[in-house]
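Q: what follows is a predicted structure for the sequence shown.
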Number of protein chains: 4
Amino acid sequence: MDFEFDAKTQELQAAVRTFLDEQVRPAEPVFHEQLAHQSDPWAWSTVPVLQELRDKAKAQGLWNLFLPGEHGAGLTNLQYAPLAEITGRSHLAPAALNCAAPDTGNMEVLSEFGTPEQQEQWLKPLLSGEIRSAFAMTEPEVASSDATNIATRIERDGDEYVVNGRKWWITGAMDPNAKIFIVMGKTDPTADRHRQQSQILVPRDTPGVEVKRGMTVYGYDDNDHGGHAELQFHDVRVPASNIIAGEGLGFAIAQARLGPGRIHHCMRSIGLAEVAIESMCARADSRETFGRKLSEQGVIRNWIAESRVKLEQLRLLVLKTAWLMDTVGNTGAHREIQAIKIATPETVQWILDKAIQTHGAGGLSQDFPLARAYAGIRTLRFADGPDEVHKASLARAELRRQAAARD
Amino acid sequence: MDFEFDAKTQELQAAVRTFLDEQVRPAEPVFHEQLAHQSDPWAWSTVPVLQELRDKAKAQGLWNLFLPGEHGAGLTNLQYAPLAEITGRSHLAPAALNCAAPDTGNMEVLSEFGTPEQQEQWLKPLLSGEIRSAFAMTEPEVASSDATNIATRIERDGDEYVVNGRKWWITGAMDPNAKIFIVMGKTDPTADRHRQQSQILVPRDTPGVEVKRGMTVYGYDDNDHGGHAELQFHDVRVPASNIIAGEGLGFAIAQARLGPGRIHHCMRSIGLAEVAIESMCARADSRETFGRKLSEQGVIRNWIAESRVKLEQLRLLVLKTAWLMDTVGNTGAHREIQAIKIATPETVQWILDKAIQTHGAGGLSQDFPLARAYAGIRTLRFADGPDEVHKASLARAELRRQAAARD
Amino acid sequence: MDFEFDAKTQELQAAVRTFLDEQVRPAEPVFHEQLAHQSDPWAWSTVPVLQELRDKAKAQGLWNLFLPGEHGAGLTNLQYAPLAEITGRSHLAPAALNCAAPDTGNMEVLSEFGTPEQQEQWLKPLLSGEIRSAFAMTEPEVASSDATNIATRIERDGDEYVVNGRKWWITGAMDPNAKIFIVMGKTDPTADRHRQQSQILVPRDTPGVEVKRGMTVYGYDDNDHGGHAELQFHDVRVPASNIIAGEGLGFAIAQARLGPGRIHHCMRSIGLAEVAIESMCARADSRETFGRKLSEQGVIRNWIAESRVKLEQLRLLVLKTAWLMDTVGNTGAHREIQAIKIATPETVQWILDKAIQTHGAGGLSQDFPLARAYAGIRTLRFADGPDEVHKASLARAELRRQAAARD
Amino acid sequence: MDFEFDAKTQELQAAVRTFLDEQVRPAEPVFHEQLAHQSDPWAWSTVPVLQELRDKAKAQGLWNLFLPGEHGAGLTNLQYAPLAEITGRSHLAPAALNCAAPDTGNMEVLSEFGTPEQQEQWLKPLLSGEIRSAFAMTEPEVASSDATNIATRIERDGDEYVVNGRKWWITGAMDPNAKIFIVMGKTDPTADRHRQQSQILVPRDTPGVEVKRGMTVYGYDDNDHGGHAELQFHDVRVPASNIIAGEGLGFAIAQARLGPGRIHHCMRSIGLAEVAIESMCARADSRETFGRKLSEQGVIRNWIAESRVKLEQLRLLVLKTAWLMDTVGNTGAHREIQAIKIATPETVQWILDKAIQTHGAGGLSQDFPLARAYAGIRTLRFADGPDEVHKASLARAELRRQAAARD
């Protein structure tokens, strides 16, 4: 057992940290300024300063770090995880390094399951950062934690598939540069529970694709990373060759996609929590009430200590999960992948709320990034199903394991 | 001891409930439609449908119910409290009945401390609903929980006062129809701790008054009730007769204003929490996951039960506080006024969060009023100082009381 | 609505408080000394000093205050509730005033449902404080929250009933002076769900009654109020006339018994919580760490404030429940009776735990009454079924109510 | 970074687990039986079956595993930590393997700081398991979290030291076989803050040593591991050579002792939590209410999942702390040593409480080990000072670290 990162990881940590401090941080206000003056408020991914950041990142080899294998940087999950933490410190960093969701998951899927033609057409421009993408799974009418509930249909008609359905919370899809959607739907509602679903490539400009509106999270439309779209597919026709991996494999692909995405999300959230703790400490040291600094007051100290204690534990669990994925695979790491999904949003939300409280009413406003961060983290408690579903599932696994041990 | 409302209260509860259901609810979407199509997004208080609601309310005698004494409906705090709860069920209701903050507090102050001239000029149009107002107390640079920290200056210069300072979180002040600001500042920084402050009337259109920007809460700008402005006062000159009650009385007036406002806020928050419970139950009954209704699942049932148990306790405490204010006065009710300030936001926020979680990701969006309500309640944990200040103060009172009992 | 106790209640509060301070408190150490030197450690109820206290209480008319109607003091639930709170301040007070559980419930049952003969034989000596009693309902093998699970059999055989079964957690039954047990069992397992059970009087000295052992709560055997016995009934024969009210009425009687008992328990628990707050304040004022009194430290102040805020709310809910029972009856108060069962142990346990923490390790020891009180309150979270069962039940009622309102 | 234990550790884990299952578990009821029939209820360490266990452990080389260096098994903290977890599963296991507190800490101190004579006289019989010992630091009158508060005096008088003072919560000291006490007191109250204290060896049978009483924890006297004594030292004279390491080094020795002890305590607590989870799962699978197994109910599943998620995180933090102690030393691991002190009791107590609740009232009784375990863990929240002191201290360190990073 050894808790030290390997040399390559430490080197990359330093490089990403430097890039963040020297390139990304100064670009943040410029980005928002440029975005605010664009005609299309949703076209965030083509804002000039972000393009420049991407060129610099590419030049420094800080590009596609998330992607294992030949198409990417070839890092293990454990090597990439601490880099993801650093990118979580700035909402601009993931895009600057081409490691922003949902493109990351989509690139993984295309890299692992795509045909050479699909890779040529969609993976290549995604890897180069030329276009962006979305993953259309969640539906408004049904509990999306239960994949068998999916109502969107993908029906074969000659050389084509016809897609019909309604999706929402499709992150990134408001961006006109999100040129390709991976859509989850049912090709065969009569098949076995987990063989009914397929994933298919639907180019944004296909007739019948309607981008209806952006969902808001609390009051944020998240236009600076593509929003969360409601989409309607009206008899959308795409070539049969757009299916990914084959009919009936939609559920399996979704599962494969889960693990790495969770690590990324969790580590970025941890990066955010570190920013919150820094902010809480800085505020507490600079603000006085009733003649004493906030940092000298017991309640604030409690929050700081508890934040640190919670976060140290959480990070170790996420890192161990990454290590398990690298050593025994996603299936072997299943229990831990669920555990970090449960633990991370709750812990980070708690820390953010205390950081907000330390900042007074300003903490809720546009003057600090805390309220916005809180909103983002709060949505994670619904991602891939609400906390309660994940807890019930983890408990079933524990009960089975314990029952087996008793026998 | 008797837990039944008196006959007059019950009659008014029925009337306000009917008005809410028959008049206010149907007007809500119309209001937002009309507001969205106005040239000035902040001019909410003059939207036509709201004007119509006000006329109807006035015609039915459901007008200025909050105000005791000759200028208002003459109800006690205990009689008005359950009516405030009902108005909390719709964000439009308080304005429709002319009992929306901060006008209520401002009318109370003018009614109790204003000169006949001040009342003629400002109280009259406020009572009739013709104009609106704001109360400018909170400042960005200092912890506003500590009134001695106030930095805004009100200096006598001949027949005038000159106001200089910066305020923020001034609710309602973005509305151009908020014609009058009551501004808290220091007239004599060398006086005793609680005699340094004064309150003064500053008409919105006085030269030197700058409305700088609206603060956001999570992402909401709250334009539908006048936002939360940052204001700058640059050498603003008003007649000396604009001082309220006299120099050095600002702190005392602020204290007097506190009690009733707390009751109103708390009861409206309770109304909101009732809406959240209704919404949670309706959702839980209508949604299935994994073959069972949410309302049949233990965790959801726990939330519903705990919400009910918490809310029943909270309401009784607020009502008792209103009763104490009526029977022994604000000073005698001091401990309870603090207790409800501590208890209400925490309880209602908890209930709202569970209601959100029951609604899935939609609960965070514009499709339900829950996330917006959460944001509003969250700000209450900073109003008149953060929770922690109120807790410390209540604890000091308890410690004193216990020490006296031990002697 | 009126939050003031009536004159009679206020007068009795003063009398009980004086009796507690002047008579009961000084008797506490004497009681423990005398109990420790008795040959039978379980024979608590006949300890001399307790007998003397009872004589004084009787002489002052502070006797059987809990019992409405002709047999008792004739107080309403709302009148008795604040007196129960005062008795909760000393573990000796309830017995001194003959208002200790489980005798109170047993006297209520005999008073309401007993035959004249049963009343003569058992109610009379209970009312006079001559003997004590127990109520044998809970069983080890089954979840006792579900009355249909009861396994004890009460079978008719000629002029007798034969009782067989096993009970545990039978409070008070270790005391040899607990001369009579009211036993719940099934007379007809084939009847309707709630008509299978009966209650029957079983004198302690009936052949076949075996008092097996005392259960401990944490490490306490509670010998100073009769412990919690495990009982075995082996072919125990009692006259047929010992049945209470008639076969099949056991469930109904148990329900009738619930309401007042809950009020008593909850109010006594509130009295205990007041003692804990007093103790926490006294300790915080007298103890220094790192140069400052505990009472000047923010975390401790938070605890004190939150304790007060929680307790004020809780007391009002219990009092309202008592008022509802008096005005609309137990059935009309059903929801509130459940709510106080859920709220009270959780709140009081929280307060006790904070009081313990304020006392340092001593708080867990025999030197303070706090750990013992915590243990007692913790058991309430299982009384009549665990919290979770009560929450689920209250939620079902809320869901039904809300569904009805939606229609 | 690598989360796998090394080969030696895995081998020892298997051996200790086997010893626990095959030797210790079957001995537990025998031990309690034999202890109950001894004349001295405190003489637990010489109970025959425990002696036999010790002989077997010694024969298998499972002896003094906790002790690094030549005197012990020579394991690192990281190697021993998972073994401590296994011993936490049985209250008899630590003593059976001669790795029970407080002997472990005392042996560490004598091994590191003792003179050859002190080692010959006291370390040797402790290492062989012949005698036991106690560590007398905590005092009743002062907050023991603040070492400068210590009131016990150790005064030089010729060739002797004279010890005067009162101690309590001296674990193990009720056992007559605890032949030697290491006593902390002040040799020079005028020296620098952390140079005033010394540690000295006081044999139990020295004139003037009075073992006054055992403290109880909740109701437990913990006679099966030596209780928690209150001690009085009345002019106790010991040879000057009994001082450990020299005058003024008491604080430094106490600090050195802290780290390993924390790891042991925390890992044993984690073992206890694992037992609680097992017990919770077994109970939930075997018990039905209202027609469904507890293990199928959402609330119980939540508890199981949350227990697992909390415990996995906690264990990783403790292991990382052990690794840090091995690689950068106690000082380098200071922050983590504090963090595990804060996190462990809170987490394990939470899990135990849920396990109790799952067991119904029985969970609080002598029929399950849960309530007793809860009591033991609860005391850890005061060990070496209450949680609040540790949190404040960790927060100060975090604030300093953040302030340094901002510069």
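A: On my side now, so go ahead. All figures in this text were calculated on a predicted structure; none of them were measured in a lab.
Q: what does the stretch 151-300 of chain A put close to chain C?
A: A:297-300 (CB under 8 Å from any CB of the partner chain). No exception for glycine: its C-beta is placed from N, CA and C like everyone else's.
Q: who wins for neighbours among the residues you listed?
A: residue A:300 (24 neighbours; other CB atoms under 10 Å in any protein chain shown).
Q: contacts only, for that residue.
A: Residue A:300 is in contact with A:280, A:284, A:294, A:358, B:388, C:298, D:395, counting by CB atoms under 8 Å, 6 or more residues apart in numbering or on different chains.
Q: the fifth one: neighbour count?
A: Counted with other CB under 10 Å, the neighbours of residue B:388 add up to 24.
Q: which residue packs closest to it, ignoring adjacent ones?
A: Distance criterion CB to CB, 6 or more residues apart in numbering or on different chains; nearest residue to residue B:388, sequence neighbours excluded, is residue A:299 at 5.2 Å.
Q: just to check, the one you found is in contact with residue C:298?
A: Yes. Between residue A:299 and residue C:298 there is a contact under CB atoms under 8 Å: 4.3 Å.
Q: shared neighbours of those two, anything?
A: Shared contacts of residue A:299 and residue C:298, defined by CB under 8 Å, 6+ apart, comprise residue B:388.
Q: near chain B, anything from the helix or strand hosting residue A:282?
A: Assigned by DSSP states H and E, residue A:282 falls within helix A:250-286. No. Applying CB under 8 Å from any CB, one finds helix A:250-286 out of contact with chain B, separated by at least 11.2 Å.
Q: what helices or strands is the helix or strand just after that helix leaning on?
A: Where DSSP H and E defines the elements, the next helix or strand beyond helix A:250-286 is strand A:288-289. Helices and strands touching strand A:288-289, by 3 or more CB pairs under 8 Å, 6 or more residues apart in numbering or on different chains; DSSP states H and E: there are none.
Q: quick one: low-confidence ranges for chain A?
A: Within chain A, the segments meeting pLDDT under 70 span A:144-145.
Q: and residue A:405, how many neighbours?
A: Neighbours of residue A:405 (other CB under 10 Å): 10.
Q: could you check how far the residue in chain A positioned nearest to chain B is from chain C?
A: Residue of chain A nearest chain B, by CB to the nearest CB: residue A:219 (2.7 Å). Distance of residue A:219 to chain C, computed by CB to the nearest CB, to the nearest Å: 28 Å.
Q: Three-state assignment for the nearest residue to residue A:68 once chain neighbours are set aside, please.
A: Closest residue in space to residue A:68, ignoring its immediate chain neighbours: residue A:74 at 6.0 Å, by CB to CB, 6+ apart. With DSSP: H, G, I helix; E, B strand; the rest coil as the basis, the three-state label of residue A:74 is coil.
Q: wait, residue A:74 touches residue A:66, no?
A: No. Taking contacts as CB under 8 Å, residue A:74 lies outside contact range of residue A:66: 10.8 Å.
Q: now do the contacts for the residue lying closest to residue A:2 once chain neighbours are set aside.
A: Among residues not flanking residue A:2 along the chain, residue D:2 sits closest, at 4.5 Å (CB to CB, 6+ apart). Residues in contact with residue D:2 (CB under 8 Å, 6+ apart) are A:1-2, A:323.
Q: cool, and residue A:157?
A: Residue A:157 touches residue A:237, counting by CB under 8 Å, 6+ apart.
Q: do the same with the one 5 residues further on
A: Remark: with contacts taken as CB under 8 Å, 6+ apart, residue A:162 is in contact with A:153-156, A:235-237.
Q: go on, residue A:218?
A: So, once contact is read as CB under 8 Å, 6+ apart, residue A:218 ends up touching A:371, A:375, A:378, B:218-220, B:364, B:371-372, B:374-375.
Q: ok but residue A:154 is inside a strand, no?
A: Yes. Counting by three-state DSSP, residue A:154 is part of a strand.
Q: quick check: it touching residue A:185?
A: Yes. Using CB under 8 Å as the test, residue A:154 is close enough to residue A:185 to be in contact (4.0 Å).
Q: excluding sequence neighbours, find me the nearest residue to residue A:252.
A: residue A:194 (7.3 Å).
Q: distance of the one you found relative to residue A:138?
A: From residue A:194 over to residue A:138 the distance is 18 Å, taken as CB to CB, to the nearest Å.
Q: these two: which is more packed in?
A: More crowded of residue A:194 and residue A:138, by other CB under 10 Å: residue A:138, with 22 against 15.
Q: what helix or strand does residue A:86 sit in?
A: helix A:77-87.
Q: got the contact list for that helix?
A: Contact with helix A:77-87 is made by A:5-6, A:8-9, A:12-13, A:16-17, A:20, A:65-66, A:68, A:73, A:75, A:93-94, A:97, A:99, A:259-260, A:263-264, A:267-268, A:270-271, A:274, A:315, A:318-319, A:322-323, A:325-326, D:1, as judged by CB under 8 Å, 6+ apart.
Q: burial of the residue lying closest to residue A:174 once chain neighbours are set aside, as a residue count?
A: Computed as CB to CB, 6+ apart, the closest residue to residue A:174 that is not its neighbour in sequence is residue A:227, at 3.4 Å. Using other CB under 10 Å, residue A:227 is surrounded by 27 other residues.
Q: in this structure residue A:227 contacts residue A:214, no?
A: Yes. Contact criterion CB under 8 Å: residue A:227 and residue A:214 qualify, at 3.9 Å.
Q: which neighbours do those two have in common?
A: With CB under 8 Å, 6+ apart, residue A:227 and residue A:214 have common neighbours A:42, A:174, A:221.
Q: redo those residues as TSV? Include distance to residue C:304, secondary structure and neighbour count.
A: Compiled in TSV, the shared contacts of residue A:227 and residue A:214 are given as follows (distance: CB to CB, whole Å; DSSP: H, G, I helix; E, B strand; the rest coil; neighbours: other CB atoms under 10 Å in any protein chain shown):
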residue	distance to residue C:304	secondary structure	neighbour count
A:42	52	coil	23
A:174	50	coil	27
A:221	44	coil	17
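Q: still on that earlier bit, which among the contacts of helix A:77-87 end up buried?
A: Buried residues within the contacts of helix A:77-87, defined by neighbour count using 16 or more other CB atoms under 10 Å in any protein chain shown: A:5, A:9, A:12-13, A:16, A:20, A:65-66, A:68, A:73, A:75, A:93-94, A:97, A:99, A:259-260, A:263-264, A:267-268, A:270-271, A:274, A:315, A:318-319, A:322-323, A:325-326, D:1.
Q: against residue B:114, how distant is the residue of chain A positioned farthest from its centre?
A: Centroid-distance maximum for chain A: residue A:291 at 43.4 Å, with CA atoms, centre = their mean. In this view, residue A:291 and residue B:114 are 35 Å apart by CB to CB.
Q: dump the residue contacts of residue A:11.
A: Residue A:11 touches nothing, counting by CB under 8 Å, 6+ apart.
Q: look up how far chain D lies from it.
A: Applying CB to the nearest CB to residue A:11 and chain D gives a distance of 15 Å.
Q: on the three-state scheme, residue A:133 is what?
A: strand.
Q: dump the residue contacts of it.
A: A:102-103, A:106, A:122, A:126, A:172, A:178-182.
Q: can you pull the buried residues of stretch A:153-165?
A: Neighbour-count burial for stretch A:153-165 flags A:154, A:161-165 (criterion: 16+ other CB under 10 Å).
Q: now do it: distance from first to last residue.
A: Stretch A:153-165 has an end-to-end distance of 6 Å (CA to CA, to the nearest Å).
Q: same thing with stretch A:119-139?
A: 27 Å.
Q: check which residues of that stretch are buried.
A: Buried, per 16+ other CB under 10 Å, within stretch A:119-139: A:119, A:121-123, A:126-127, A:129, A:131-139.
Q: fine by me, we can end here.
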